Structure formats: structure tokens, C-alpha cells
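Visitor: Structure for this input, please:
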Amino acid sequence: MGNFDIRSLLVSIPGIIIGFTIHEYCHALAAYKLGDYSARDDGRLTLDPVKHIDPVGLLFIIIAGFGWAKPVQYNPRALSKPGRDKIIIAAAGPFSNLVLGALFILGIKLFAALFRGSPEFLRFAVTVLYSWGATNIGLFVFNMLPLPPLDGSHIFLGFINLGEETEARIMRVGSMVFFAVILIAGFTGVNILPVGKLVNAIIRLLWAGFAV
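Guide: So this is what the prediction gives:
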């Protein structure tokens with residue numbers, strides 16, 4: 001997701017954990033509502049971060065600025081309309097991050113109105129809320145990229161409706177290429193994916209919208 005200094009990292013980590021937890025919970029909830037109980041049976045239909053956070057994925061965020069949570073598994077054969085439902089399940093995670101990010105940005109407006117007489121607390125609150133908002137909007141933008149194994153690739157493949165074997169092959173090869181690109185970008189400092197610019201654009205739109 002980008003390079004953090006230690007102070008920014010400490011502020012961002014709670015927002016990342018919240019974002020990952022809500023993201024995976026919403027995948028599980030969407031699957032459950034659409035008739036597949038696999039995620040519920042796996043203990044993923046919960047807001048307990050322990051059930052969703054991958055320690056290795058969290059460690060990678062600390063050392064490389066890129067990480068992941070435990071993916072929610074579902075059974076396409078249990079869905080009444082697999083083509084449509086796979087898209088809904090895939091989209092539920094990143095769009096939950098967009099909503100969460102918008103709420104954090106809105107929180108800045110609310111805190112600014114309520115705590116004008118406490119500038120030090122207000123400054124701290126704004127820093128935290130902006131960080132958490134940007135983090136979750138970043139999760140939305142990043143996961144919506146149509147690149148395996150991100151949610152955006154599942155949405156894209158759901159629309160073109162390829163066979164299961166072909167889709168699985170694309171996921172395997174695409175995932176290896178994707179992780180190689182991310183690692184190269186992380187260690188060389190080359191900004192290959194324009195996530196930051198898109199995040200800033202969305203925040204500006206939200207800020208302008210909340211000002212109305």
C-alpha cells in the first residue's frame with residue numbers, strides 16, 4: 001500500500017486491522033445471505049479480528065507496505081445464481097472498506113465541530129481518522145484492481161463467465177505475476193500502481209460532498 005515511517009505505521013495499524021476485519025466479515029456475510037454457509041461454519045461470520053488477520057500478511061505490511069488477511073472461502077455450488085452471487089461476494093469486501101473510509105473522513109468533520117476548544121486532542125483525532133480513512137479507501141481502490149488474486153479480478157472474471165478450470169489457471173498464474181510485481185515495486189520504490197492518486201481523489205470528493 002505504500003511506504004510507512006514508524007509513527008505513521010503505529011497510527012495506521014489499528015485502521016488496517018479494522019479494515020481487514022470488516023472486509024473479510026462482509027465477504028462472509030454476503031456468502032451467508034446468498035445461501036452458502038461455508039464461511040459461517042469456518043468461524044468467519046464474526047467481527048473478531050483474530051479470525052480474519054493473517055499474522056504473516058500483517059507482518060508484510062510492516063516490512064513491505066503490502067499485506068493481506070485470511071481469505072474467506074465459499075462454495076459456488078451452494079449459490080442459487082453462482083455468476084451473479086460470486087460478483088456480489090467479491091464486491092462486498094472492498095465496498096465495505098469504501099463505506100468505512102467515508103465514515104472516518106466524515107468523523108473528521110464531526111470532531112472538528114465538537115472539539116474546536118481542544119486543539120491538541122482535535123489534532124490527534126484528525127491524524128488518526130484521516131489515516132484510518134485513507135487506509136480503508138486504499139483497501140477499496142487496491143482490491144478493486146482487476147488483477148489476480150484481488151477482488152477486482154473475481155468481479156471481472158464473474159462478468160465474462162469463464163469456465164472454472166480456465167479461471168483457476170488465470171488466478172494461479174496471475175497471482176504469481178502480481179506478487180512478483182508488488183515485491184519489485186516495494187523494494188525498488190517504483191510506483192507501478194496509481195493507488196495513492198486514486199485514494200487522494202476519492203478523499204477530495206468525499207470531503208467536498210460532506211461540506212455540502
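Visitor: these two touch, right, Met171 and Leu150?
Guide: No. Met171 lies out of contact with Leu150 (C-beta atoms under 8 Å); the separation is 10.4 Å. Bear in mind the C-beta positions are built from the backbone N, C-alpha and C, glycine included.
Visitor: Which residue of those two possesses the greater neighbour count?
Guide: Using other C-beta atoms under 10 Å, the more surrounded residue of Met171 and Leu150 is Leu150, with 21 against 16.
Visitor: Verify the stated contact: the more buried one with Phe140.
Guide: No. If you go by C-beta under 8 Å, Leu150 and Phe140 don't touch, sitting 11.1 Å apart.
Visitor: is it true that Gly35 touches Ala78?
Guide: Yes. Counting by C-beta under 8 Å, Ala78 is a contact partner of Gly35 at 5.7 Å.
Visitor: Look up how far Ile184 lies from Val177.
Guide: According to C-beta to C-beta, to the nearest Å, Val177 and Ile184 sit 11 Å apart.
Visitor: ok, now Ile89?
Guide: Taken as C-beta to C-beta, the span from Ile89 to Ile184 is 30 Å.
Visitor: Please put the alpha-carbon coordinates of stretch 76-95 into CSV.
Guide: The C-alpha trace of stretch 76-95 is given here as CSV (Å, rounded to 0.1, in the frame of the first residue of the first chain):
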residue,chain,number,x,y,z
PRO,A,76,-20.0,-21.6,-5.6
ARG,A,77,-22.2,-24.7,-5.9
ALA,A,78,-24.2,-23.6,-2.9
LEU,A,79,-25.2,-20.3,-4.5
SER,A,80,-28.5,-20.0,-6.3
LYS,A,81,-27.1,-17.8,-9.1
PRO,A,82,-23.3,-18.5,-9.0
GLY,A,83,-22.3,-16.0,-11.7
ARG,A,84,-24.1,-13.1,-10.1
ASP,A,85,-23.5,-14.1,-6.5
LYS,A,86,-19.7,-14.5,-6.9
ILE,A,87,-19.6,-10.9,-8.1
ILE,A,88,-21.6,-9.8,-5.1
ILE,A,89,-19.5,-11.7,-2.6
ALA,A,90,-16.3,-10.3,-4.2
ALA,A,91,-17.5,-6.8,-4.2
ALA,A,92,-18.8,-6.9,-0.6
GLY,A,93,-15.3,-6.7,0.9
PRO,A,94,-13.8,-3.7,-0.9
PHE,A,95,-17.1,-1.7,-0.9
